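*Asks:* Below are the sequence and a predicted model for it; my questions follow.
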2 protein chains.
Amino acid sequence: MTTIKDLAKAAGVSITTISRALNGYSDVNEKTRKRIQTIADQMGYRPNAVARSLVTKKTRTIGVILSEINREGAKDSLAFETLCGINDRAVELDYDILLFSTNPKKQLSKSYADLCKERNVDGAILSGLRLHDPYLEEVVHKTNFPCVLIDIPAESRNVGHVTTDNVRGAVSAVNHLLGLGHRRIAMINGHDEAAVSQDRLEGYRQALETAGIPFDPKLIYNGGFREEGGFEAMYGILYQHPDVTAVFSASDLMVLGALRALERLGHRAPERMSIVGYDDIAIAAHCSPPLTTIRQDRYEMGYQAAQLLVDMLENRDVGRKITLQSELIVRQSTAPLSG
Amino acid sequence: MTTIKDLAKAAGVSITTISRALNGYSDVNEKTRKRIQTIADQMGYRPNAVARSLVTKKTRTIGVILSEINREGAKDSLAFETLCGINDRAVELDYDILLFSTNPKKQLSKSYADLCKERNVDGAILSGLRLHDPYLEEVVHKTNFPCVLIDIPAESRNVGHVTTDNVRGAVSAVNHLLGLGHRRIAMINGHDEAAVSQDRLEGYRQALETAGIPFDPKLIYNGGFREEGGFEAMYGILYQHPDVTAVFSASDLMVLGALRALERLGHRAPERMSIVGYDDIAIAAHCSPPLTTIRQDRYEMGYQAAQLLVDMLENRDVGRKITLQSELIVRQSTAPLSG
DNA sequence: CATCCTTTCCAAAACGTTTCGGAAGCTCGT
DNA sequence: ACGAGCTTCCGAAACGTTTTGGAAAGGATG
């Protein structure tokens, strides 16, 4: 591996001059700069980022902490889309990405904060964490490490936040059902440790209230964002509340489970039950029936998150919160109330 | 940020002793080791990985180069599953992952080799690259940088290779169609720059040959692994070879396009055309009809790739090639030849 | 000719570790 | 009492950069 020293020897100048030449400082003669550059190219010199980081204290690296990086996570590619967005913007801004997975099974031996400290990433993007994740609280509150959170509300000097308007998304989902004539509308929510669940519940509530329909907490089921949870929730709905004709689910994945439950009991969507999901995962357009759902642009969220983080890192004065809009996609899992 | 020096001052010993105590060397008294450890914990000391790397020349980081990290790549989550596998094993082995995306649009300013050199990753895993990618050739041949390739045949002291048995996978796909009575079987392949395409074509050929059916190159269409390509291929098949009753496609994604083409022309699978795909992407089980396909375990491939790379890095003497098996999944896009 | 800028270069320190080669201080056998 | 052999510690060098604070040389200015 050729180092700056080798170049210095080869060019007959000091390492200072090499460094300053290659980094485009003005205090080196253009002729020697050119000469050094060609020598560097010839010798295939690549600056050692590790050594550089040690002195500059910057790594041009952002840590990406996703909880959904695991075998099961592949079915809905939400995390992946987010990652793609982060990656694309990071590449454009000339940052590298250090991937910290979180292994929910065995407790991490090191906290995220420790990881970030050790590896000296300049900042981090966190997604898929539970609201009261102790490590999250640590990184956000105890350190003032620059980070941006996806779908976790928190803001400060060093903490940014990107999310979608989940309340409005839920409102439009439920309004769609109301518009079709449904009045008994159940909800399959995720879990209490997700901010989006709270918001989507709030939207559900608001939409009902606006329509003059009393809120019935018995109609709220938690499916934990898992397919199996959706299955069980739909089972419960059908048995405990046979008058329900429509369901708003906080994720498409849970809808897949719910559809299975329907089918198991000899029913079909949308005839027996109109269902609107959330996320617009790839399967949503292809399953049977294709899902009416709320699309959120995870790629864009990742892209914006990377942008926001780098803005923060480079001290640009920008807002700390980004809220993207979501969009109702009407397919065939919803239909007018019949009879 | 507390450093080893701070600890030395606080503990009243030299930095050498701190270092050796924390790293568990035997030449430090157990009592002082404990004392140092508690002081380190109290002060929240985290060793600076950058500084450490500079001297040890190891980063415990592996570079992951995936071509499919982009907005379109999200539909089939192959890359993501691979990444999950890599990540899981890497975490277990205490390695970190540095993600190098490849942006196919704008040519990269730096080659992968340069990236790896600069960032001092210990090794790399490459996937989704074209056979004659110039950067690939560079990293594999000109440098002897340790890397493992996924689905790209190459082996050497520092180059490992994990793939699935694509010939056998294709054979079982075509045999399945033959077993259903089909004789005119077309193939929608990927592109010539993919090793898997060559192998799957070979398997298609072998299966036909064994069945005593002459190989007809006119029945081979290239769809470039893209949904749109599958659409066009199926269009071509229907118009140019109306006697074809079955299709073997080198990817499920292309099958989705092919199904659209069928539908557009008023046909359905499997009645008009039996189709078997490849990959078993998430959508395959949910689309209509559910796809008969060859499942390959991308997660496992990533997992094994990470294991192999680390084995190589840590000088364990293991085979350089890993071939996983694939599995025929029969669903409803194939049916016995009628009439 | 002395002075003062500019231009172009450089030596040395610093970043936070690991590691090499000792060096004290003990214990112990003789 | 003396050297051998442990145990426990340490100073200093090294890793490959960037950056600070000049310094030498040359030209312009008075």
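*Replies:* Now that the structure is in, tell me what you want to look at.
*Asks:* So which residues on chain A come close to DNA strand D?
*Replies:* Proximity of chain A to DNA strand D, by C-beta under 7 Å from any atom of the strand, involves residues A:1, A:3-5, A:15-16, A:19-20, A:22-23, A:27, A:45-48, A:51-52, A:54-56. Just so you know, the C-beta spots here come from the backbone N, C-alpha and C atoms, and that holds for glycine as well.
*Asks:* ok, 10 Å please
*Replies:* Contact residues (C-beta under 10 Å from any atom of the strand) of chain A with DNA strand D: A:1-8, A:14-23, A:25, A:27, A:40, A:45-58.
*Asks:* now those: which count as buried?
*Replies:* A:3-4, A:6-8, A:17-22, A:40, A:45-54 (16 or more other C-beta atoms under 10 Å in any protein chain shown).
*Asks:* near chain B, which of the residues you listed show up?
*Replies:* A:46-51, A:53-54 (C-beta under 8 Å from any C-beta of the partner chain).
*Asks:* So is the worst-scoring helix or strand of chain A on mean pLDDT next to chain B?
*Replies:* When the helices and strands of chain A are compared on mean pLDDT, DSSP states H and E, helix A:134-137 comes out lowest with a mean of 83. No. Helix A:134-137 stays clear of chain B (C-beta under 8 Å from any C-beta), getting no nearer than 14.3 Å.
*Asks:* mean confidence score for stretch A:238-245?
*Replies:* Mean per-residue pLDDT for stretch A:238-245: 98.
*Asks:* same question, stretch A:218-231
*Replies:* pLDDT averaged over stretch A:218-231 gives 97.
*Asks:* List the buried residues for that stretch?
*Replies:* Within stretch A:218-231, the residues scored as buried using 16+ other C-beta under 10 Å are A:219-227, A:229-231.
*Asks:* farthest-separated two in those residues?
*Replies:* The span of the buried residues of stretch A:218-231, defined through C-beta to C-beta, is set by A:219 and A:227 at 20.7 Å.
*Asks:* interface residues of the stretch 51-200 of chain A facing chain B?
*Replies:* Counting by C-beta under 8 Å from any C-beta, the stretch 51-200 of chain A sits next to chain B at A:51, A:53-54, A:59, A:61, A:64, A:69-71, A:73-75, A:77, A:79-81, A:83-85, A:87-88, A:91, A:96-101, A:103, A:114, A:117-120.
*Asks:* Tell me which of those residues fall in helices.
*Replies:* A:51, A:53-54, A:79-81, A:83-85, A:87-88, A:91, A:114, A:117-119 (DSSP state H).
*Asks:* Okay, the nearest residue to residue A:236 once chain neighbours are set aside and DNA strand C: tell me how far apart.
*Replies:* Counting by C-beta to C-beta, 6 or more residues apart in numbering or on different chains, residue A:236 lies nearest to residue A:221, which is 5.9 Å off, once chain neighbours are set aside. As judged by C-beta to the nearest atom of the strand, to the nearest Å, residue A:221 and DNA strand C stand 50 Å apart.
*Asks:* Next, residue A:221: secondary structure please.
*Replies:* When classified by DSSP: H, G, I helix; E, B strand; the rest coil, residue A:221 comes out as strand.
*Asks:* most neighbours, which of the ones in helices among the residues of the stretch 51-200 of chain A next to chain B?
*Replies:* Of all these, residue A:83 has the most neighbours under the rule other C-beta atoms under 10 Å in any protein chain shown, reaching 29 neighbours.
*Asks:* Help me confirm that that one comes into contact with residue A:65.
*Replies:* No. Under the criterion of C-beta atoms under 8 Å, residue A:83 is not in contact with residue A:65, lying 11.0 Å apart.
*Asks:* what about residue A:46, distance to residue B:39?
*Replies:* 39 Å (C-beta to C-beta, to the nearest Å).
*Asks:* Kindly report the same for residue A:171.
*Replies:* For residue A:171, the distance to residue B:39 equals 55 Å [C-beta to C-beta].
*Asks:* Who has more neighbours out of the two?
*Replies:* Per other C-beta under 10 Å, whichever of residue A:171 and residue B:39 has more neighbours is residue A:171, with 23 against 20.
*Asks:* Tell me the buried residues in the helix or strand hosting the more buried one?
*Replies:* If you go by DSSP states H and E, residue A:171 is part of helix A:166-179. For helix A:166-179, a neighbour-count test (16+ other C-beta under 10 Å) marks A:166-178 as buried.
*Asks:* From the rest of the structure, what touches that helix?
*Replies:* By C-beta atoms under 8 Å, 6 or more residues apart in numbering or on different chains, the residues outside helix A:166-179 that reach it are A:185, A:195-196, A:199-204, A:206-208, A:211, A:246, A:248, A:274, A:276, A:278, A:292, A:294, A:296, A:325-326, A:328, A:330, A:334.
*Asks:* I only care about those residues that end up buried; give me the ChimeraX line for that.
*Replies:* Those of the contacts of helix A:166-179 that meet the burial criterion (16+ other C-beta under 10 Å) are gathered into one ChimeraX selection, given here:
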select /A:185,195,196,199,200,201,203,204,206,207,208,246,248,274,276,278,292,294,296,326,328,334
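*Asks:* Among the contacts of helix A:166-179, which lie within strands?
*Replies:* A:185, A:246, A:248, A:274, A:276, A:278, A:292, A:294, A:328 (DSSP state E).
*Asks:* ok, the first one to residue A:166 distance?
*Replies:* Per C-beta to C-beta, residue A:185 is found 17 Å from residue A:166.
*Asks:* just residue A:216 next, same as before
*Replies:* Counting by C-beta to C-beta, the gap from residue A:216 to residue A:166 is 21 Å.
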